[in-house]
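J.: have a look at this fold, sequence not included:
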């Protein structure tokens, strides 16, 4: 795995506990929401420009990890943002 692949995997792993702690918090239990984790597959698949996660008109992913609120095209957290607990909290609770 190249340096970029390692970085992507490390970012995803680093963001996971931050996101999970917020999603599993008492405050999150009051949300009328469903949190879905979607694995994008091996690096070779994900990095392919024709990958459906990259080309889908609604998702158009450019990096991993990415948080997206379905129905709000421009509400996203990308890469390092998903490791920042304050940004993740704002992402989930700003409309509350």
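T.: Good, I have the coordinates. Bear in mind the structure is a predicted one, so any value in this text is a computation, not a measurement. Numbers count the residues shown, from 1 in each chain.
J.: and stretch 12-27, what's buried?
T.: Residues 12, 15, 18-19, 22 are the ones in stretch 12-27 that count as buried (16 or more other C-beta atoms under 10 Å). All C-beta spots, glycine's among them, are computed from the backbone N, C-alpha and C.
J.: how about these in JSON lines, adding distance to residue 87, pLDDT and secondary structure?
T.: Listed next are the buried residues of stretch 12-27 as JSON lines, based on distance: C-beta to C-beta, whole Å; pLDDT from 0 to 100; DSSP: H, G, I helix; E, B strand; the rest coil:
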{"residue": "12", "distance to residue 87": "16", "pLDDT": "72", "secondary structure": "helix"}
{"residue": "15", "distance to residue 87": "10", "pLDDT": "89", "secondary structure": "helix"}
{"residue": "18", "distance to residue 87": "9", "pLDDT": "93", "secondary structure": "helix"}
{"residue": "19", "distance to residue 87": "11", "pLDDT": "90", "secondary structure": "helix"}
{"residue": "22", "distance to residue 87": "10", "pLDDT": "92", "secondary structure": "helix"}
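J.: spatially, what comes nearest to residue 82 if we skip its sequence neighbours?
T.: Using C-beta to C-beta, 6 or more residues apart in numbering and skipping the chain neighbours, the partner closest in space to residue 82 is residue 15 (3.8 Å).
J.: can you check residue 61 too?
T.: That would be residue 53: by C-beta to C-beta, 6+ apart, it lies 4.6 Å from residue 61.
J.: how far away is the one you found from residue 79?
T.: 15 Å (C-beta to C-beta, to the nearest Å).
J.: for residue 86, same thing?
T.: Taken as C-beta to C-beta, the spacing of residue 86 relative to residue 79 amounts to 16 Å.
J.: quick one, which of these two is more surrounded?
T.: Higher neighbour count among residue 86 and residue 79: residue 79, with 16 against 9, using other C-beta atoms under 10 Å.
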